[in-house]
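Engineer: okay, here's the prediction I keep looking at, along with the sequence it came from:
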Amino acid sequence: MELGLDVTEKNGFAVLAVRGEVDVYTAPRLRERLVELVSQGKHQIVVDLEGVDFLDSTGLGVLVGGLKRLRSHDGDLTLVCTQHRILKVFEITGLTKVFSIHDSVDAAVGE
Amino acid sequence: MANRAVATEQAIELQIPARAEFVALVRLVVSSLASARRVLADDRVDDLKLAVSEACTNAIEAHGAASLDDRIVVRCWEGDDRLEVSVEDRGEGFDPHSLPEHPPVTDPERLNFERGLGIPLIRTLVDEVEFETDDTGTSVRLTLYCGRLSDA
């Protein structure tokens, strides 16, 4: 199963576009990519979830871990998501209060 | 192991190796079944897909923790008014009533917890969930009633 993880730069932010299904099998790749970005000094990361078809608790855990890592560097991890079925997972778990969730990458990078 | 979960002759049974890459296959089978043969709203199919996925993830981790090579058994059964899915493992069991609680989401300490969201998600997503668990395994039975409105 493919998990697309493409990084672009926008307005000083690293934008990580995730495509595919994030579950117990693929989430470790997302974690590795986030860790790699942080170690490259990218401390303002936008994770774009618009191409994600499925996200489970393992994926949520990786995003929580990423946010924690970035906060410890005075950075931030924000999300782009407008899909109801993905937003629902954040709502049920209360994580909408933990992450800033934006409607578009432009909004997330403040353009 | 106590086992009265979805054990009818009509049940569809799927056995998967206890490895993470097979969870996607279970999602595919269960969601195809749910959407092909039932009048179930798409968002409820998504709910079932996520709940089944979480249950399989837990089952696979239980086998990993106990170093078991046994397969995970997933059974699906359609009743007149419901769809039931059970996920059975042979792990060492757990107490579904004494799961550790997370700090509130407004507490910065919340970020120290990456795990433990699976079972709360399952409980929210399906209409009924039953855990039968002891030290020889766990069976999670998920029931979704057809026609019931979701969180309108």
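Structural biologist: Received, thanks.
Engineer: what's around residue A:2, how many residues?
Structural biologist: Neighbour count of residue A:2, defined by other Cβ atoms under 10 Å in any protein chain shown: 9. Every residue, glycine included, has its C-beta placed from N, CA and C.
Engineer: now do the contacts for the closest residue to it other than its chain neighbours.
Structural biologist: Sequence neighbours aside, residue A:20 is the residue nearest to residue A:2 in space, at 5.5 Å (criterion: Cβ to Cβ, 6 or more residues apart in numbering or on different chains). Contacts were defined as Cβ atoms under 8 Å, 6 or more residues apart in numbering or on different chains; by that measure residue A:20 touches A:1, A:2, A:3, A:4, A:26, A:51, A:52, A:53.
Engineer: drop anything exposed from the residues you listed.
Structural biologist: A:3, A:26, A:52 (16 or more other Cβ atoms under 10 Å in any protein chain shown).
Engineer: in stretch A:67-86, which residues are buried?
Structural biologist: So stretch A:67-86, judged by 16+ other Cβ under 10 Å, has buried residues A:67, A:68, A:69, A:70, A:75, A:77, A:78, A:79, A:80, A:81, A:85, A:86.
Engineer: quick check: residues of chain A near chain B?
Structural biologist: Residues of chain A found near chain B, taking Cβ under 8 Å from any Cβ of the partner chain as the criterion, are A:1, A:21, A:23-25, A:54, A:56-58, A:60-62, A:64-65, A:67-68, A:71, A:84-85, A:88-89, A:92-95, A:97-98.
Engineer: in strands, which of these fall?
Structural biologist: Among those, DSSP state E puts A:21, A:54 in strands.
Engineer: generate a ChimeraX selection restricted to the buried entries among the residues of chain A next to chain B.
Structural biologist: With 16+ other Cβ under 10 Å as the criterion, this ChimeraX line picks the buried residues out of the residues of chain A next to chain B:
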select /A:21,23,24,25,54,56,57,58,60,61,62,64,65,67,68,85,88,89,92,93,95,98
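Engineer: does residue A:33 lie in a helix or a strand, and which?
Structural biologist: In this structure, residue A:33 is located in helix A:27-39 according to DSSP states H and E.
Engineer: do residue A:47 as well
Structural biologist: strand A:44-55.
Engineer: now do that strand: distance to the chain's middle.
Structural biologist: Relative to its parent chain, strand A:44-55 has a centroid offset of 5 Å by Cα atoms, centre = their mean, to the nearest Å.
Engineer: and for that strand, what's in contact with it?
Structural biologist: With Cβ under 8 Å, 6+ apart as the contact definition, strand A:44-55 has outside contacts at A:4, A:10, A:12-23, A:34, A:37-38, A:63, A:66, A:70, A:75-83, A:86, A:89, A:102, A:105, A:108-109, B:27, B:49-50, B:53.
Engineer: rounded mean pLDDT for that strand, please.
Structural biologist: In this model, strand A:44-55 has a mean pLDDT of 98.
Engineer: angle of the top helix by length along chain A against strand A:44-55?
Structural biologist: Here the longest helix in chain A is taken by residue count, with DSSP state H as the criterion, and it is helix A:57-71. Taking axes from the mean of the first three to the mean of the last three Cα atoms, to 10 degrees, one finds helix A:57-71 and strand A:44-55 inclined to each other by 180 degrees.
Engineer: all set now, cheers.
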